[in-house]
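> Fold the following and give me the result.
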Amino acid sequence: MAGGMKTLAKETAIYGVSSIFGRFLNWLLTPYWTWVLAGTAQMGVVSNLYSWTALTVVILTYGMETGLFRFANKNEENPLKVYTTTLISISSTTLLFVVLAILFLNPITTIFGSEDIKSHYVLLLIIILGLDTLSAIPFAYLRYQKRPIRFATIQTLNVVVAILFNLFFFLACPWLAVKFPDTFSWFDINKGVDYILISNLIASAIRLLLLSPQLRVKYTFDGALLKRMLVYSLPLLVLGIAGIMNQNLDKMLYPHLSTEADKMGQLGIYTASFKIAVIMVMFTQAFRYAFEPFIFAKNKESGDNKTAYSQATKYFIIFCLFIFLAVMGYLDFVKHLLEAEYHEGLKIVPIVMVAELFFGIYFNLSLWYKLTDQTKWGTYLSLIGLAVTVLGNVLFVPQFGYIACAWTAFFANLVMMALSYILGQKNYPINYDLKSAGFYFGVSIALFAGIMFSHGIIDNVWLRLVINTVLIAIYVFIVIKKDLPLRDIPVIRKYFK
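Residues are numbered from 1 along each chain as shown. Predicted coordinates for the structure are as follows:
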């Protein structure tokens, strides 16, 4: 058991660190694009296109990644046969999708709801989607084979290649076009969306090429096995679609719902500001990699596991509120990641950060239906959140613009969090420390009010930063005094002896 847990911890660290590192590098691209793209409308086009990619890949893989893990680990199944059957199925449907999408390119382009989105953008996107979908199953098989280093290396290289080509097009090419005008006469800085998509296309193609060893296997296809896998996997598709749409539906619907003349420009401002708040999401993801193996491991051990789950959730809230206060306290610095044209959207940052905190808490609370094998409730709660997302955007975006998107995310996540808590207390009651949670939320609200007050009355940036630093330090002091005594930290404990 000890060896198994050690392996689990090692693999979790590799998958988690590589994923978060890759996501962080990817995150840096959005601030970079605000400086190099020719206006906020191009940023809106990019965000709208990519919001559709996440949904489409989920549909094109139709839950078969999880199905591969489930059936490859069944004793009566041949893992290689499971893998190749899955690969043949996904490859066939992906090829069909690419062919049909290209044949109906112009009608599909109109679905995006904006004249700013050109048909050749959609064509590039279709090819990217095909390549990314074909990579999904070999990636899943690498995880089954317990090859986290190869998995992490290819994932990281994918992001690095995309970044390098972005730098080539937006940094090197303008200089080269001046130095060698004849050779680089093709370059046009106004075609920024093209260059972003081409960079992605190259990175996706290289990633699939690096995965080619996983494609050079002896293929066998079992139709009966595929049917059983589809019965298992297709219900997961509903959960996947609901989850992705909760995150991206606002960006998909915005061109259809907004009544503003510059709807794509407004979407670009919203997306860029939203990315600042994604700092919270990256921490949430890091916590997931550590927390999910922890809860299932704890469930196997004897002892008071529920107290451990409660404590983990409590410290998650404490740390997330610290991140919230730190970002808001130093927003005068953080905002310079974005070009000044996008700063008007920073008003959504506190709303979205709290929304993501709610989602993180919801994830922690969701252990009740995982540990009791009632995962259907994950689907139900996601669909309820999706209903709130649809209603909020449809009803309020036409009148209030992208601020309605932020508040809709806030309330959708709040509803899912509250319902998960209520249902969890009935099915798998855990004595969560609501008193501490309420206390830290109250302290954070008071300190956040102080930060906003300093922004409202103090013009000197450096004085504001000093005041905000003091306010953040007060929060840290309270945490240390109340819940994290320094003498309990092993590294520091020796100095108290």
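
> make it CA atoms for all contacts and neighbour counts henceforth
Fine.

> Using the three-state scheme, assign Ala277.
Ala277 carries the three-state label helix when classified by DSSP: H, G, I helix; E, B strand; the rest coil.

> does it really touch Gly345, like I thought?
No: at 11.4 Å, Ala277 does not count as touching Gly345 under the criterion of Cα atoms under 8 Å.

> which secondary element of this structure has the worst mean pLDDT?
Among the helices and strands of the chain, helix 490-493 carries the lowest confidence by mean pLDDT, DSSP states H and E, at a mean of 52.

> Which residue comes closest to Met252 once chain neighbours are left out?
In space, not counting the residues next to it along the chain, Met252 is nearest to Asn48; the distance is 5.7 Å by Cα to Cα, 6 or more residues apart in numbering.

> That neighbour: what's it in contact with?
Applying Cα atoms under 8 Å, 6 or more residues apart in numbering to Asn48 gives the contacts Phe112, Lys251, Met252.

> Tell me the gap between the helix or strand harbouring it and the middle of its chain.
According to DSSP states H and E, Asn48 maps onto helix 40-61. Using Cα atoms, centre = their mean, to the nearest Å, the mean C-alpha position of helix 40-61 is found 13 Å from that of the whole chain.

> do stretch 446-462 as well
Centre-to-centre, stretch 446-462 and its host chain are 30 Å apart (Cα atoms, centre = their mean).

> same deal with stretch 368-380?
The chain centroid and the centroid of stretch 368-380 are separated by 21 Å under Cα atoms, centre = their mean.

> Now do the same for it: mean pLDDT, whole number.
Model confidence over stretch 368-380, given as mean pLDDT, is 78.

> Quick one: residues in contact with whatever helix or strand Phe358 lives in.
In the assignment (DSSP H and E), Phe358 maps to helix 349-365. Around helix 349-365, the neighbours that count as contacts under Cα under 8 Å, 6+ apart are 273-274, 276-278, 280-281, 284, 313, 316-317, 320, 324, 328, 406-407, 409-411, 413-414, 416-418, 420-421, 424.

> same deal with stretch 395-408?
Under the contact criterion Cα under 8 Å, 6+ apart, stretch 395-408 has outside partners 250, 254, 257-260, 266-267, 270, 348, 351-352, 388-389, 392-393.

> just the buried members of these?
Burial by neighbour count, 16 or more other Cα atoms under 10 Å: within these this picks out 250, 254, 257-258, 266-267, 270, 348, 351-352, 388-389, 392-393.

> Pull the most distant pair out of those.
The distance between the two most remote of the buried ones among the contacts of stretch 395-408 (Cα to Cα) is 22.2 Å, for Gln266 and Val388.

> Can you list the low-confidence ranges for the protein?
Segments of the chain classed as low confidence (criterion: pLDDT under 70) are 1-19, 75-76, 284, 286-305, 373, 485-497.

> Please parse it into its domains.
As assigned by automatic domain parsing, the chain contains the domains 19-248, 258-497.

> hmm, back to that, out of the contacts of Asn48, grab the one that's most surrounded.
Lys251 (26 neighbours; other Cα atoms under 10 Å).

> Helix, strand or coil: sort out Tyr432 for me.
Here Tyr432 takes the coil state, with states given by three-state DSSP.

> any idea how far it lies from Ala312?
10 Å (Cα to Cα, to the nearest Å).

> Take the contacts of Asn48 and keep only those in helices.
Lys251, Met252 (DSSP state H).

> of all the contacts of Asn48, which comes closest to Ile474?
Of all the contacts of Asn48, Lys251 has the smallest distance to Ile474: 37.3 Å, by Cα to Cα.

> For that closest one, which non-adjacent residue is closest in space?
Excluding its sequence neighbours, the residue lying closest to Lys251 (Cα to Cα, 6+ apart) is Asn48, at 5.5 Å.

> Leaving out chain neighbours, which residue sits closest to the residue most central in space within the chain?
Ranked by distance to the mean C-alpha position of the chain (Cα atoms, centre = their mean), the top residue is Val281 at 6.5 Å. In space, Val281 comes closest to Glu356 once its chain neighbours are excluded; the distance is 6.3 Å by Cα to Cα, 6+ apart.

> Check Leu321 too.
Counting by Cα to Cα, 6+ apart, Leu321 lies nearest to Ser444, which is 6.7 Å off, once chain neighbours are set aside.
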